[in-house]
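J.: the amino acid sequence is not available; the structure is as follows:
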């Protein structure tokens, strides 16, 4: 029984460390790719939301507000809200603020434009 000695083959500590370093490098590269894809996705969503807010603000400017100083709209599953205020010292300008609101009710993006006060022009005529 004791005559035959079975020798087990095992990897050395150096081989184990080298393989762990290789695995960590590959994991790090994969994480960098994942983070870049996530950032690109968020920036595309932000660009889309900004475009929607700009288009809606221009549409509101051309169609008018019908005396409303606040309003909401749902555009491509994004809730948009606007507020219209008169600017101090400039009676010919209005401050139009458009907000993108998340499902939780938090403001995710905003856009502020100063537009002509068409009601002021009508009053002068």
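T.: Perfect, thanks for sending it. Fair warning: this is a prediction, and the values are worked out from it, not measured in the lab.
J.: where does the chain have low pLDDT?
T.: By pLDDT under 70, the low-scoring segments of the chain are 1-3, 8, 119-125.
J.: in it, which strand is the longest?
T.: With secondary structure taken from DSSP state E, the chain has its longest strand at strand 90-101.
J.: now for it, which elements pack on it?
T.: For strand 90-101, the elements it packs on are helix 13-63, strand 78-87, strand 107-116, helix 118-124, judged by 3 or more Cβ pairs under 8 Å, 6 or more residues apart in numbering; DSSP states H and E. (Glycine included, C-beta is placed from N, CA and C.)
J.: which among the ones you listed is found nearest to residue 69?
T.: Between residue 69 and those, the shortest gap by Cβ to Cβ is with strand 78-87, which sits at 4.6 Å.
J.: the closest one pairs with which strands?
T.: When pairing is defined by DSSP bridges, strand 78-87 lines up against strand 70-75 (antiparallel), strand 90-101 (antiparallel).
J.: give me the angle between that strand and helix 13-63.
T.: Here strand 78-87 points in a direction 50 degrees away from that of helix 13-63 (axes from the mean of the first three to the mean of the last three Cα atoms, to 10 degrees).
J.: how about residue 64, nearest residue that isn't a chain neighbour?
T.: Across the structure, with Cβ to Cβ, 6 or more residues apart in numbering as the measure, the residue nearest residue 64 apart from its sequence neighbours is residue 118 (7.0 Å).
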